[in-house]
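**Q** Give me a 3D structure for the following:
(chains A and B)
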Amino acid sequence: MMTAEYPAAPEPLLRIEGLKTYYPIKRGLLSRTVGNVRAVDDITLDLYPGETLGLVGESGCGKSTIGRSIIRLENPTAGKIWFDGEEITASPMSALRGERTKMQMIFQDPYSSLNPRMRVHELLAEPMRVHGVAAGAGLEARIDKLLDTVGIPRSYKQRFPHEFSGGQRQRIGIARALSLNPKLIVCDEPVSALDVSIQAQILNLLKELQQELGLTYLFIAHGLGAVKYISSRIAVMYLGKMVELGTKEQIFGSPRHPYTQALLNAYPIPDPRKRGQERIVLQGDVPSPAAPPSGCRFHTRCPFAQVKCKEEEPLLQGTGHAAACHYPLVTG
Amino acid sequence: MLLELKDMKTVFKTDRGEVTSVDGVSLRVGKGETIGIVGESGCGKSVTSLSIMRLLGKSGRIKEGEILFMGQDLAKLPEAELRLIRGGDIAMIFQEPMTSLNPVFTIGNQLTEAIQLHTDLRGKAAAGYAVQMLEKVGIPRPEAMMKSYPHSLSGGMRQRVMIAMALSCKPKLLIADEPTTALDVTIQAQILNLMKELREEMGASIMLITHDLGVIAEMADKVVVMYAGQVVEETDVFTLFEQPLHPYTQGLMKSIPHIEAEAEETLASIPGAVPPLTNMPKGCRFQPRCAFAAARCQAEAPALLPVQEGHDVRCWMAQEPEQWKVRKEEAV
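**A** Take a look at the predicted model:
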């Protein structure tokens, strides 16, 4: 059973505090750093065991960078990350390697995240061999079991990735992530590249696996429907900042940040009878994260912006349902 | 009728022989009407639109059927005459606006080229008209935009430029192939609004190709659902959403995670995957994935037939419910 409330155990599995990940902009002959793209700018977030936290926002908001920083595919510029009670921000790569078996990632593009020259058997055996999880007959048995778990026939073991459809490839990616018995899986847009009918299959599989294996997910996506379906809590990001955090009922039912409201509103509803409905359409584009606007980063596009929004940066306020806005909405 | 496809069949030459990508598609687009074509990757929706413009490259050709556009058969029109129609009476916008704009010419350059080719305007008059068009699609500072290169624009702005270019020659038919798929939701809402405004102002017909049923619900008057190179259902948008008759359409509707829906335990999904073009199943092409498949479905391919006034379905169950049931019981 999934509940929208925090799980009973108050100890978070993953804790991110003040995480900043900047990408330097280098210019000129000496490639001097002339500025920073502030992809992730001061994010604090807890992830509890067994929950799914959805991370949503538009392209360039930094949601993928958070996922990649946790797994240390990017080096955080500042901030701390605790996993399972231990601080891993400063861990050397060698120590991290062991820790990382407990944190896995599923990528968006199942076409480019599997080595095209390896057969399915090898793709699944490799991580287990490297980390000494299984060997010999135990390894074979485990590969069979993983294939069963994700719904790929065992007889396909000797096939190459190109022989599979997108959905099947994503299943193989999931099997690979599961092979090391992880506690946390960072799912980075796992269904965005798939067809609608296949998306549902993968979302259902992820949900089943979570119940069976007690996994914790950080589910990064821009498709709000998928996020709503799978998440218990949702964090909304805009331009490197978290603007709202709450349970899925709170975010979808009574959004407090104008950006969240606009995002929900922009989503086309698959019901032609509702097409006449007034909707808030945001003007303009997302500003560059290299030169974010002063004060509230959303003020340039916010329909309710006031003078204060331009001058003072709002903090993420509220316990449980938090919003970073000087004038939060009262809805619901 | 502005456009009428009659049993159009498009084939591609491949190493393994000829492949039929679009198999006998018939559809009609009235003046000022917006027709939506939905389906998953590989269903032939894009090839259908490219066939109308005969943009099939060297390996593709229209093998059978007619493409009647204002009474002329585009399938048989000489290339030189077709060139005047492309970008003139029929304009097209694509999914990826970056690859459809030439990176080495300025926006102004590319816009005026199209205008000079298809209208009587020349020189300054053409440039002035280009600025007007940019203004019309909501581009701020259109004069400055004329001098910029495609790489300096955001995705939403590029798509606006593409729309300006497409509409500059006052087309009678605008073909939009996944025009908002590459864009963020808030930008998608802007572009859809823009397309609606322009449709009203210019009275053009639109052929909207997408996999997103939300976009269809928002825009289309009439919908054609395609599966594996064939039309499986065609009706008006309200009937399609309220009473879909083909099991594939029904499955598609149910598998979308709805942002307004209450949280459900499992999402309905369609098992299996779209069959490859080289290996179509016997009988009905959807039969291997269909929950209602009976012996007849495996033996005989159904035709696209009206089951109600203005509602065509390619399915035995919808066409002959009595007999289909009998046969199903026989099969069991």
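
**Q** all contacts plus neighbour counts: C-alpha atoms, from now on.
**A** Fine.

**Q** and stretch A:72-85, what's its mean pLDDT?
**A** Mean per-residue pLDDT for stretch A:72-85: 91.

**Q** Next: stretch B:35-47.
**A** pLDDT averaged over stretch B:35-47 gives 91.

**Q** can you tell if that stretch touches chain A?
**A** Yes. Stretch B:35-47 comes into contact with chain A (CA under 8 Å from any CA of the partner chain), by way of B:40, B:41.

**Q** so what's the residue in the stretch 1-150 of chain A that chain B sits nearest to closest to, chain neighbours aside?
**A** As assessed by CA to the nearest CA, chain B sits closest to residue A:58 within the stretch 1-150 of chain A, at 5.8 Å. In space, and not counting its chain neighbours, residue A:58 is closest to residue B:184: 5.8 Å by CA to CA, 6 or more residues apart in numbering or on different chains.

**Q** what ranges do the helices span in chain B?
**A** Assigned by DSSP state H, the helices in chain B fall at B:45-52, B:79-85, B:97-100, B:107-118, B:123-136, B:142-146, B:155-167, B:185-202, B:213-219, B:237-242, B:247-255, B:295-299, B:316-319, B:321-331.

**Q** now the stretch 1-150 of chain A
**A** Ranges of helices in the stretch 1-150 of chain A, per DSSP state H, counting those that start in this stretch, are A:63-70, A:93-100, A:120-130, A:136-150.

**Q** Pipe these into JSON lines and attach distance to chain B per row.
**A** Converted to JSON lines, those look like this (distance: least, CA to the nearest CA, whole Å):
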{"stretch": "helix A:63-70", "distance to chain B": "14"}
{"stretch": "helix A:93-100", "distance to chain B": "30"}
{"stretch": "helix A:120-130", "distance to chain B": "19"}
{"stretch": "helix A:136-150", "distance to chain B": "13"}
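
**Q** So for residue A:288, which of the ones you listed sits nearest?
**A** Closest approach to residue A:288 among the helices of the stretch 1-150 of chain A (CA to CA): helix A:63-70, 15.1 Å.

**Q** Check which helices and strands that closest one sits against.
**A** strand A:14-27, strand A:32-47, strand A:184-188, strand A:216-221 (3 or more CA pairs under 8 Å, 6 or more residues apart in numbering or on different chains; DSSP states H and E).

**Q** re earlier: can you say which of the helices of chain B is packed in most?
**A** Most buried of the helices of chain B by mean neighbour count (mean count of other CA atoms under 10 Å in any protein chain shown) is helix B:155-167; its value is a mean of 25.

**Q** still on that earlier bit, adding distance to chain B, mean pLDDT and mean neighbour count as columns, could you present the helices and strands packed on helix A:63-70 in JSON lines?
**A** Output for the helices and strands packed on helix A:63-70, formatted as JSON lines (distance: least, CA to the nearest CA, whole Å; pLDDT from 0 to 100; neighbours: other CA atoms under 10 Å in any protein chain shown):
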{"stretch": "strand A:14-27", "distance to chain B": "17", "mean pLDDT": "92", "mean neighbour count": "18"}
{"stretch": "strand A:32-47", "distance to chain B": "17", "mean pLDDT": "91", "mean neighbour count": "18"}
{"stretch": "strand A:184-188", "distance to chain B": "16", "mean pLDDT": "95", "mean neighbour count": "25"}
{"stretch": "strand A:216-221", "distance to chain B": "12", "mean pLDDT": "96", "mean neighbour count": "25"}
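
**Q** re the thing from before, in this structure the residue nearest to residue A:58 contacts residue A:61, no?
**A** No. Counting by CA atoms under 8 Å, residue B:184 stays clear of residue A:61, with 11.1 Å between them.

**Q** Please name the residues that touch the residue of the stretch 1-150 of chain A closest to chain B.
**A** A:222, A:237, A:238, B:184, B:185 (CA atoms under 8 Å, 6 or more residues apart in numbering or on different chains).
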